[in-house]
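S.K.: Generate coordinates for the sequence data below:
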Amino acid sequence: MTTHAPQQPETDERLAACIDSLFDNGWQPADLVHLARQHTTQRQARLVASAIAHHARRTDAPHRAPHHWVQQLVDIGVFDPAADRVVGGHAGFTAKWANTERIHPDDVQAAVLQVDQLLRLAPRIAVLLTPPRLWTATNRGLSSEPVASTADAKVLRTVRALLAQAEGTDFEAEAETFTAKAQEMMTRHSIDAAMLAVDAHAAGAVGGAGITSRRVHIENPYAPEKATFLSMLAEVNGVRCVWSDWCGFATLMGFPVDLQLTELLFTSLLVQAAQSSAQAVSKDPRRKAPTFKRAFLVSFANRIAERLEEAGRAGRSDAEATYGSALAPVLANRATAVEAAYTAAFPNVKPMRSRSYDAAGWWAGRAAADHADIGASTPLPGAR
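M.R.: Sure thing, here's the model as predicted:
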């Protein structure tokens with residue numbers, strides 16, 4: 001079956017104009033594909049990816065964009081770094097998409113219009129990467145955020161290994177040990193990095209240098225509850241978190257090592273939460289209701305955050321023995337710098353509305369969190 005997108009090349013031009021505008025208004029490639037998946041279909045998300053490929057081809061994005069932007073092009077499948085070429089995005093990309101997806105001619109117009117309307121609804125958001133209109137002739141030598149040191153890379157490899165062990169074990173006590181140990185290790189590493197930064201500058205004058213932001217795309221179902229989970233993990237690690245419900249992503253702001261830990265923990269603990277929830281449901285089919293699962297996830301997150309804070313205190317106590325009275329003002333300066341950057345970037349942010357949760361789900365989630373692997377050396381008191 002051959003299909004034809006309506007009014008070629010006008011359709012391509014209209015979508016291309018939307019992409020240009022959105023990229024200038026803070027959106028990045030992965031953000032737009034995620035938005036399309038949230039509000040339309042996988043098929044229409046591939047049309048958005050095709051429009052992004054068209055933009056990458058027109059602007060020579062692989063050789064001009066920030067490296068994190070280029071990595072997003074790889075992740076959404078529109079740039080092949082091995083061949084150094086953009087995949088798709090040629091003139092007539094809408095018609096090509098319709099033919100590839102084998103869409104009935106009568107349905108093409110509506111599908112394209114829905115994507116066009118969605119893109120036009122997308123609001124202006126914070127600019128986290130240099131937008132295309134400000135790209136230079138080449139991205140050679142550019143870096144989207146501070147480069148991790150050899151020590152950073154070594155610690156992160158260890159943390160990832162601990163979290164992978166946490167996800168892979170069937171024993172809750174083991175999972176708990178691995179995850180808390182990861183938190184304790186990263187807390188100490190974050191403190192060491194802060195003290196090194198003070199040594200590199202005037203004493204206590206780190207200020208906001210090094211603070212960065214990144215977006216975390218959160219998938220349905222239960223996206224608001226997952227965002228609450230992420231926010232709790234962020235707070236434990238000195239990171240601020242802003243949830244954009246319609247966009248389907250959270251923005252994290254803080255120092256790079258703290259952002260990395262927060263994301264790593266979030267990914268790992270979501271896996272553990274899903275496994276624990278599935279086990280709870282298998283024991284009682286009445287627990288399949290969404291109300292139970294939402295309550296389970298938020299309660300799991302709440303208790304995990306409490307336990308991670310305990311693990312973090314262990315890391316800070318260890319650091320105090322090393323740095324003495326010099327540590328407290330440095331940590332206070334970092335917290336103040338993050339808060340100031342957050343307030344400047346998001347002056348009109350509102351707290352998420354609280355809601356009531358299913359009691360059975362709440363207590364089941366809390367019990368599961370008491371046994372989750374957070375990397376601590378021993379299970380917490382009260383865990384069974």
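S.K.: any idea how far the host helix or strand of residue 228 is from the chain center?
M.R.: For residue 228, the host element (DSSP states H and E) is helix 223-236. Its chain's C-alpha centre and that of helix 223-236 lie 11 Å apart, by C-alpha atoms, centre = their mean, to the nearest Å.
S.K.: Give me the mean pLDDT for that helix.
M.R.: Regarding helix 223-236, the rounded mean pLDDT is 94.
S.K.: Tell me the first helix or strand C-terminal of that helix.
M.R.: Counting by DSSP H and E, the element after helix 223-236 in chain order, helix or strand, is strand 240-244.
S.K.: Can you give the domain ranges for the chain?
M.R.: With domains defined by automatic domain parsing, the chain comprises 10-134, 150-371.
S.K.: Strands of the stretch 1-150 of the chain, start to end?
M.R.: Using DSSP state E, counting those that start in this stretch, the strands found in the stretch 1-150 of the chain span residues 79-80, 85-86.
S.K.: ok and the helix holding residue 228 relative to strand 240-244, angle-wise?
M.R.: Inter-element angle recorded for helix 223-236 and strand 240-244: 170 degrees (by axes from the mean of the first three to the mean of the last three C-alpha atoms, to 10 degrees).
S.K.: Residues touching helix 223-236, excluding its own?
M.R.: Outside helix 223-236, the residues within contact range by C-beta atoms under 8 Å, 6 or more residues apart in numbering are 183, 216, 218-219, 240-241, 243, 245, 248, 250, 252, 254, 262, 265-266, 269-270, 273, 294, 297-298, 300-302, 304-305, 308-309, 312, 352. For the C-beta atoms, the positions are set from N, CA and C on the backbone; glycine is no exception.
S.K.: re earlier: would JSON lines of the domains of the chain with distance to residue 140 be doable?
M.R.: Putting the domains of the chain into JSON lines (distance: least, C-beta to C-beta, whole Å) gives the following:
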{"stretch": "domain 10-134", "distance to residue 140": "8"}
{"stretch": "domain 150-371", "distance to residue 140": "21"}
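S.K.: between those domains, which one is nearest to residue 141?
M.R.: Distance to residue 141, taken as C-beta to C-beta, is lowest for domain 10-134 among these, at 10.1 Å.
S.K.: Between the two ends of that closest one, how far is it?
M.R.: Here the two ends of domain 10-134 are set 26 Å apart, with distance taken as C-alpha to C-alpha, to the nearest Å.
S.K.: cool, and stretch 196-216?
M.R.: 28 Å.
S.K.: which stretches of the stretch 1-150 of the chain have low pLDDT?
M.R.: By pLDDT under 70, the weakly predicted segments of the stretch 1-150 of the chain are 1-8, 142-150.
S.K.: can we see that at 80?
M.R.: Along the stretch 1-150 of the chain, segments meeting pLDDT under 80 span 1-9, 141-150.
S.K.: what are the ranges of the helices in it?
M.R.: With DSSP state H, counting those that start in this stretch as the criterion, the stretch 1-150 of the chain has helices at 10-24, 29-39, 42-59, 61-64, 67-75, 93-100, 105-121, 150-168.
S.K.: For burial, what's the neighbour tally of residue 13?
M.R.: Look at residue 13: counted by other C-beta atoms under 10 Å, it has 12 neighbours.
S.K.: Next up, the contacts around the residue nearest to residue 33 when sequence neighbours are not counted.
M.R.: Nearest-residue entry for residue 33: residue 76, 5.0 Å, with adjacent residues in sequence omitted and distances by C-beta to C-beta, 6 or more residues apart in numbering. By C-beta under 8 Å, 6+ apart, the contact set of residue 76 is 29-30, 33, 49, 52.
S.K.: repeat that for 10 Å
M.R.: With contact taken as C-beta atoms under 10 Å, 6 or more residues apart in numbering, residue 76 is in contact with 29-30, 32-34, 45-46, 48-49, 52-53, 87.
S.K.: How much space separates it from residue 87?
M.R.: Residue 76 sits 10 Å away from residue 87, going by C-beta to C-beta, to the nearest Å.
S.K.: shared neighbours, the two?
M.R.: Common contacts of residue 76 and residue 87 (C-beta under 10 Å, 6+ apart): 49, 53.
S.K.: Any idea which of the strands of the stretch 1-150 of the chain gets closest to residue 188?
M.R.: Closest to residue 188 of these is strand 79-80 (C-beta to C-beta; 37.7 Å).
S.K.: need the next SSE after the longest helix anywhere in the chain, C-terminal direction.
M.R.: Counting residues, the longest helix found in the chain (DSSP state H) is helix 290-323. Counting by DSSP H and E, the next helix or strand C-terminal to helix 290-323 is helix 327-345.
S.K.: Output that next one in PDB, but only the C-alpha positions, please.
M.R.: Output of helix 327-345 as PDB, limited to C-alpha atoms (Å, rounded to 0.1, in the frame of the first residue of the first chain):
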ATOM      1  CA  LEU A 327      33.600  20.400  56.500                       C
ATOM      2  CA  ALA A 328      30.400  22.100  57.800                       C
ATOM      3  CA  PRO A 329      30.800  25.500  56.100                       C
ATOM      4  CA  VAL A 330      31.700  23.900  52.800                       C
ATOM      5  CA  LEU A 331      28.600  21.800  52.800                       C
ATOM      6  CA  ALA A 332      26.500  24.800  53.900                       C
ATOM      7  CA  ASN A 333      28.000  26.900  51.000                       C
ATOM      8  CA  ARG A 334      27.200  24.100  48.500                       C
ATOM      9  CA  ALA A 335      23.600  23.800  49.700                       C
ATOM     10  CA  THR A 336      23.100  27.600  49.600                       C
ATOM     11  CA  ALA A 337      24.600  27.700  46.000                       C
ATOM     12  CA  VAL A 338      22.200  25.000  44.800                       C
ATOM     13  CA  GLU A 339      19.200  26.700  46.400                       C
ATOM     14  CA  ALA A 340      20.100  30.000  44.800                       C
ATOM     15  CA  ALA A 341      20.600  28.500  41.400                       C
ATOM     16  CA  TYR A 342      17.300  26.600  41.700                       C
ATOM     17  CA  THR A 343      15.400  29.700  42.800                       C
ATOM     18  CA  ALA A 344      16.800  31.700  39.900                       C
ATOM     19  CA  ALA A 345      16.000  29.100  37.300                       C
END
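S.K.: No further queries at this time; thank you.
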